[in-house]
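Trainee: Have a look at this fold, sequence not included:
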């Protein structure tokens, strides 16, 4: 029996991790700690979790807990993860890895200091369905020589300025990442070489929003719009366009452009669409992947299998997470200085 404690029973934890863990034989969710005693009691009742802890520190210290799922805002990812690893507990930490590179490196150091503990990050859910097909196509030479790629995350999630400040717009809680930049970059890096140079220009179009905790306006500290240019080995170029205030934007997409062909992935509300085209084709065509060849969400299975030494963590290791944090930090530094930043930092 593997006994799991939940720190921060947020939306993703409720909808994915808890059902996923309960579907695995020999796994028991035994305790929860939220931000307040009232929130903890509510979560325990709604989710039928038997034990309530007064703080995350108490949950982590309890010898009856074998593994910890960290579902908090990013500001607590590093302290909870490092504390759990220090007392010999396995850890599954929600993405994004941390607020900044320093915290991510501290988490990686803690994991390396306790190699018997499984340290895993929740991977980007984008690309899980079509990802292996894209890997196979690239390996078979469909693109020819990769020349450039485009990563889009353009929508109107934060267009309504009358709404209170979201935690993703608060750098103290969310860190340096801008919008869905980190999670889509992680997806793209499953198929592409890592960038070596980064240049970013960003903007906060509405500098203040209502404080959700008081009747006043407070500063927005995370950009709501960003353009990023990248360069990778062999001159491969990348363009990232992110916005949370663009009406009727294209949403989330990744495009790969090669000398012989093009691959486009559209992340639609009803699923992932894979479109391809090659030199000589009149139009692009959609690829229908048989269900048995589609990838799927198996985060909780992978975490438990790694603890039981049945398989290694593939998506998403702390090493991959640190590389992603280097990219988002490089983007933030470039935006702040208006200069090109080399990666790794």
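Mentor: Everything's here; your move. What you are looking at is a predicted structure, and each value in this text was computed from that prediction instead of being measured. Residues are numbered from 1 along each chain as shown.

Trainee: Which residue ranges of the stretch 1-150 of the chain form strands?
Mentor: With DSSP state E, counting those that start in this stretch as the criterion, the stretch 1-150 of the chain has strands at 2-7, 27-33, 51-52, 67-70, 90-93, 119-121, 146-154.

Trainee: between the ones you listed, which gets nearest to residue 331?
Mentor: Smallest distance to residue 331 across those (Cβ to Cβ): 11.7 Å, for strand 146-154. All C-beta spots, glycine's among them, are computed from the backbone N, C-alpha and C.

Trainee: So which elements touch that closest one?
Mentor: Judged by 3 or more Cβ pairs under 8 Å, 6 or more residues apart in numbering; DSSP states H and E, the packing partners of strand 146-154 are helix 181-188, strand 237-243, strand 251-258.

Trainee: Just put the ones you listed in JSON lines and tack on mean pLDDT.
Mentor: Converted to JSON lines, those look like this (pLDDT from 0 to 100):
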{"stretch": "helix 181-188", "mean pLDDT": "97"}
{"stretch": "strand 237-243", "mean pLDDT": "98"}
{"stretch": "strand 251-258", "mean pLDDT": "98"}
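
Trainee: Most tightly packed of the ones you listed?
Mentor: Most buried of the helices and strands packed on strand 146-154 by mean neighbour count (mean count of other Cβ atoms under 10 Å) is helix 181-188; its value is a mean of 23.

Trainee: okay, the angle between that one and strand 146-154?
Mentor: Calculated by axes from the mean of the first three to the mean of the last three Cα atoms, to 10 degrees, helix 181-188 forms an angle of 140 degrees with strand 146-154.

Trainee: still on that earlier bit, may I see the helices and strands packed on strand 146-154 organised as a markdown table, with distance to residue 164 added?
Mentor: Shown next, in a markdown table, are the helices and strands packed on strand 146-154 (distance: least, Cβ to Cβ, whole Å):
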| stretch | distance to residue 164 |
| --- | --- |
| helix 181-188 | 22 |
| strand 237-243 | 20 |
| strand 251-258 | 24 |
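
Trainee: and of these, who's closest to residue 303?
Mentor: helix 181-188 (17.2 Å).

Trainee: thinking again about what came up before, to residue 323, which of the strands of the stretch 1-150 of the chain lies closest?
Mentor: Closest approach to residue 323 among those (Cβ to Cβ): strand 119-121, 11.4 Å.

Trainee: Please state the offset of the closest one from the chain centre?
Mentor: On the basis of Cα atoms, centre = their mean, to the nearest Å, strand 119-121 sits 12 Å off its chain's mean C-alpha point.

Trainee: for that strand, what is the average pLDDT?
Mentor: Here strand 119-121 scores 98 as its mean pLDDT.

Trainee: Contacts for that strand, please.
Mentor: Identification of contacts with strand 119-121 by Cβ atoms under 8 Å, 6 or more residues apart in numbering yields 81, 85, 90-95, 97, 107, 110-111, 302-303, 306, 313, 316-318, 320-321.

Trainee: Show me what counts as buried in stretch 46-53.
Mentor: 47, 49, 51, 52, 53 (16 or more other Cβ atoms under 10 Å).

Trainee: Alright, calling it a day.
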